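Undergrad: Here is my input; please provide its structure:
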Amino acid sequence: MTQTRSRSISAPIPTSPAAQQVFRRIKRNERLHSDIKSLARASGDHDYIGANAPVEAMAARLGFKSFDLAIADIRCSTIVTFIVVPFAIWQDKVLRGRAIKLRSEAKSAGHHVILVPQAVLQREPRLSNARLVSRSAKLRLDATGVMSVLGHLVEHGASPVSELAELLTHFDPIGAIFGMLVNGDISIDMSEPITPMTLVDLGKRYRS
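TA: All right, here's what the predicted structure looks like:
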C-alpha cells in the first residue's frame, strides 16, 4: 500500500493541451515584460513603470486575453505605453488589425502609445546587451570611483570598458561600470555586441 501511494504522489499531473498553451502564453508574456524592463534599465534615461490598466482594459474589450499582449508604461521625457505584439499575433492579419485598432483607441484616450512587434523588441545584439547591463542595475560605485571614471573620460575621451575597469577597486568593476550606464552617467553603443573593448563615453548629462 505504501509503495502504491508513493507512485501515485510522484506521478505527473495530467495537463490538457489547452492548459499547456495558456501556460506558454503566460510565460511568453512574462518574458516580454522582462525584456521591456531590461531595455528600459539599460538606456540610462528610461524607467520601467509596469502595466497600464486602462489600455489593458481596452485590449480586453477587443478580445485579447491578459497574456496576449505585453502592455507596459515606460517613463522617459514623458510616459510612453509600449504594446508589444507577439509573433503569432503580428503574423495574423485579423489579430494584427485589432492590435493596430488598440493603438488608435489608446491614442484617442490620451495615451502616448508605441506598437512594437516582438521581433523589434528582441532585436539583437541590443536585447542581449540590455539583459547583461540590467543585471548590474543595482551595483554602484562610491564617489571616488565615479569621479575616477568620469575624470578619465573627460581627459582621454571615449575609452574601452576594460581600461576603465582597471581604475576601480570594486569587487565587480565591469558590473559597476554598467551600473553607471544604468544611472545615466555614461553611454555605450548598444547596437554592437558588448566586449572588453567596447567604448564608453560620457552620458548626456555631462556632454556640453
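
Undergrad: Can you show me the helices along this protein?
TA: If DSSP state H is used as the criterion, the helices of the chain fall at 2-10, 17-43, 53-61, 87-91, 93-108, 118-121, 126-134, 143-156, 161-165, 173-182.

Undergrad: Just the C-alpha atoms of the fifth one, please, in PDB.
TA: These are the backbone C-alpha positions of helix 93-108, laid out as PDB (Å, rounded to 0.1, in the frame of the first residue of the first chain):
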ATOM      1  CA  LYS A  93      -3.900  39.700 -40.300                       C
ATOM      2  CA  VAL A  94      -7.100  39.900 -38.200                       C
ATOM      3  CA  LEU A  95      -5.300  40.000 -34.800                       C
ATOM      4  CA  ARG A  96      -2.700  42.400 -36.100                       C
ATOM      5  CA  GLY A  97      -5.600  44.700 -37.200                       C
ATOM      6  CA  ARG A  98      -7.100  44.500 -33.600                       C
ATOM      7  CA  ALA A  99      -3.700  45.500 -32.200                       C
ATOM      8  CA  ILE A 100      -3.500  48.500 -34.500                       C
ATOM      9  CA  LYS A 101      -7.000  49.400 -33.500                       C
ATOM     10  CA  LEU A 102      -6.000  49.200 -29.900                       C
ATOM     11  CA  ARG A 103      -3.200  51.600 -30.500                       C
ATOM     12  CA  SER A 104      -5.600  54.000 -32.200                       C
ATOM     13  CA  GLU A 105      -8.100  53.800 -29.300                       C
ATOM     14  CA  ALA A 106      -5.400  54.300 -26.700                       C
ATOM     15  CA  LYS A 107      -4.100  57.300 -28.500                       C
ATOM     16  CA  SER A 108      -7.600  58.800 -28.700                       C
END
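
Undergrad: Now do the contacts for E105.
TA: Residues in contact with E105 (C-beta atoms under 8 Å, 6 or more residues apart in numbering) are M58, L62. In this view, the C-beta of every residue, glycine as well, is placed from N, C-alpha and C.

Undergrad: Now do it, the pLDDT please.
TA: pLDDT, E105: 98.

Undergrad: burial count for N183?
TA: 17 (other C-beta atoms under 10 Å).

Undergrad: and what of the one 3 residues further on?
TA: One way to gauge burial is a neighbour count; for I186, by other C-beta under 10 Å, it gives 26.

Undergrad: Help me confirm that it comes into contact with A158.
TA: No - with contact defined as C-beta atoms under 8 Å, I186 does not count as touching A158 (9.7 Å).

Undergrad: Now do the shared contacts for these two.
TA: Common neighbours of I186 and A158 (C-beta under 8 Å, 6+ apart) are V200, D201.

Undergrad: still on that earlier bit, quick check: which of the helices of the chain is nearest to A70?
TA: helix 17-43 (3.6 Å; C-beta to C-beta).

Undergrad: tell me which residues of the closest one are tucked away?
TA: In terms of neighbour count (16 or more other C-beta atoms under 10 Å), helix 17-43 has its buried residues at 25, 28-29, 32-33, 35-43.

Undergrad: Closest to S66 out of these?
TA: Within these, proximity to S66 (C-beta to C-beta) peaks at N29, which comes in at 7.9 Å.
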